[in-house]
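Student: Could you work out the structure for the sequence below:
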Amino acid sequence: MKKHFGFSLMEAMVAVAIIAVLAAMALPSYIFKITREQIEKSLPLAAETAQPAISMMWKLEKKFPENNQAAGLPEPDKIVNNYVKSVAIEEGAIHLTFGNRANDRIKNKVLTLRPAVIEDSQIVPVTWVCAEAEPPEKMKVHGANRTTIDKQYLPLMCRARAKK
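Tutor: Numbering: from 1, shown residues only. Sure, this is the predicted structure:
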């Protein structure tokens, strides 16, 4: 009697099928992760370019710039990075429009960062509220939220809290 060692064709096919099912289950969460990372990597563009100018104008003049020119910034389509194709200022709010190498799920979509302040205390620094997130207590948010990115792709800091 001869003993055969190894796997039959049927056993190998079952193993391949199991691996394919597991990979198919993992793929959507990986796409969400990549998309969120692209959004998170784009936020420093606003923090380094637009936020300081807007905060300074609030501190000195107690008002927010109406547009890029009033903030002393280049035209919106001149402020770009790998994932953002423009950064526009509107009444103090910063609108990042995604493009360039951004995932197709966020391409041509907008993420808004709005300034929140304590209006009678200019010494308190401007806080930035991302998309649908709530402002800190006692602070008033300025500018319109024009976020068009699907909620499922927004980083946690940009989502509204669940109501209790």
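Student: can you pull the contacts of residue 111?
Tutor: Contacts for residue 111 (C-beta atoms under 8 Å, 6 or more residues apart in numbering) come out as 39, 42, 95, 96, 98, 130, 131, 147, 149, 154, 158. Where C-beta positions appear, they are placed from N, C-alpha and C, glycine not excepted.
Student: Mind doing that once more with 7 Å?
Tutor: Residues in contact with residue 111 (C-beta atoms under 7 Å, 6 or more residues apart in numbering) are 39, 96, 131, 147, 149.
Student: Give me the secondary structure label for the second one.
Tutor: When you say that, I think you mean residue 96. strand (DSSP: H, G, I helix; E, B strand; the rest coil).
Student: Residue 152 too?
Tutor: Classified using three-state DSSP, residue 152 is helix.
Student: Can you report how many residues lie near residue 46?
Tutor: 22 (other C-beta atoms under 10 Å).
Student: helices and strands around the helix or strand it falls within, which ones?
Tutor: According to DSSP states H and E, residue 46 maps onto helix 9-61. For helix 9-61, the helices and strands in contact under the criterion 3 or more C-beta pairs under 7 Å, 6 or more residues apart in numbering; DSSP states H and E are strand 84-90, strand 93-98, strand 110-117.
Student: Need the residues that contact stretch 147-164.
Tutor: Here stretch 147-164 makes contact (C-beta under 7 Å, 6+ apart) with 32, 35-36, 39-40, 105-106, 109-112, 130-134.
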